[in-house]
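Chemist: coords please:
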Amino acid sequence: MEVKQIYANTPKTYEGYGSRLGVEKGAILDWSDYYYLNYLPCCHTKWPDHPPSLREVMEEYTKEILRLGAVLLEVFSLNLGVKEDVLQNAFGGKDVGACLRANFYPKCPQPDLTLGLSSHSDPGGMTFLLPDDKVSGLQIQKDNQWVAINPAPHAIIVNIGDQLQVLSNSIYKSVEHRVVANPDKERLSLAYFYNPKSDLLIQPISELVTSKTPALYLPMTFEEYRRFIRTKGPRGKFQVKSLESQR
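Modeler: Next up is the predicted model:
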């Protein structure tokens, strides 16, 4: 714990070690530890010294994640009926945000009393999840039911986040998910977040806004949105007012 506290994050930053999401008084604690490594924009103040190979591995992994993210944004743009570079440009072009969250879920003696990670959708653009291929735990909500997502070796799970829901004017839906605690086994997962540039206004793409499909969301920078989520916890997004909720 002494070493962990050297790299501990604060309510104002994601980077470093932490053991819960949100700092709201009375918020439900999650049964997990996590560690954020910011890659883009460059901010390596809380990168641990060990293992020595960490930076080299992150460089290689980030390069491939950024390549995959760019390809998917082209596909998603074309599927929306707009030019292939529209979503990438809305994210900031090559000037995107990229960070890794390593999640550690200890064995839980009373898993019925808590969750590894509470129900939420990711506030960013896309999440590339490398799950523990030996211990399941991830569930997504479909048709008002929780469905277990069983891990497959060498497979990456891609979750659409809140920013893509806003940009697509709710054509794409961010994925509501949670992680259940396990009484017998520890679990580790790596979530890589591919996000818009933090100071860009995110709002529905103009080509998707018509008299029949008006804008459902007010403009907001990703940094403003993330700050709200940070103070309210993983379910904070449901308190963000959108034009959709005001109709």
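Chemist: lowest-scoring secondary structure element of the chain by mean pLDDT?
Modeler: Between all helices and strands in the chain, the lowest mean by mean pLDDT, DSSP states H and E belongs to helix 243-246, at a mean of 47.
Chemist: residue boundaries of the helices in the protein?
Modeler: For the chain, the helices defined by DSSP state H cover 2-6, 54-80, 86-91, 162-167, 222-232, 243-246.
Chemist: figure out which of those is closest to Thr114.
Modeler: The minimum distance between Thr114 and the helices of the chain falls on helix 222-232, with 19.1 Å, by CB to CB. Glycine gets a C-beta too; all of them are placed from N, C-alpha and C.
Chemist: chain center to the closest one: distance?
Modeler: The chain centre lies 12 Å from the centre of helix 222-232; the measure is CA atoms, centre = their mean, to the nearest Å.
Chemist: now the strands for the protein?
Modeler: Applying DSSP state E to the chain gives strands spanning 16-18, 33-40, 97-105, 117-120, 126-130, 138-142, 145-148, 157-160, 177-179, 187-195, 201-202, 220-221.
Chemist: flag the shaky bits of this protein, pLDDT-wise.
Modeler: Where the chain drops to pLDDT under 70, the residues are 11-12, 20-29, 43-44, 230-247.
Chemist: quick one, what contacts the spatially most central residue of it?
Modeler: Centroid-nearest residue in the chain, with CA atoms, centre = their mean: Asp122, separated by 3.8 Å. By CB atoms under 8 Å, 6 or more residues apart in numbering, the contact list for Asp122 reads 159, 161-162, 174-175, 193.
Chemist: restrict the residues you listed to the buried ones and give me that as a PyMOL selection.
Modeler: Buried members of those, defined by 16 or more other CB atoms under 10 Å, are picked up in PyMOL with:
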select buried, resi 159+161+162+174+175+193
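Chemist: dump the contacts of Asp122 to CSV, plus distance to Ile202.
Modeler: Shown next, in CSV, are these (distance: CB to CB, whole Å):
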residue, distance to Ile202
Asn159, 17
Gly161, 11
Asp162, 9
Ser174, 13
Val175, 18
Phe193, 15
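Chemist: ok, now how distant is the closest residue to Asn103 other than its chain neighbours from Gly93?
Modeler: Once flanking residues are discounted, Asn103 sits nearest to Ser189: 4.7 Å by CB to CB, 6 or more residues apart in numbering. Separation of Ser189 from Gly93 (CB to CB, to the nearest Å): 29 Å.
Chemist: higher neighbour count, those two?
Modeler: Comparing Ser189 with Gly93 by other CB atoms under 10 Å, the one with more neighbours is Ser189, at 24 against 12.
Chemist: for that one, which residues are in contact?
Modeler: Ser189 neighbours (CB under 8 Å, 6+ apart): 102-103, 105, 129-132, 137-138, 179.
Chemist: swap the cut-off to 10 Å and go again
Modeler: Ser189 sits next to 32, 34, 101-105, 116-117, 129-133, 135, 137-138, 151, 157, 179 when contact means CB atoms under 10 Å, 6 or more residues apart in numbering.
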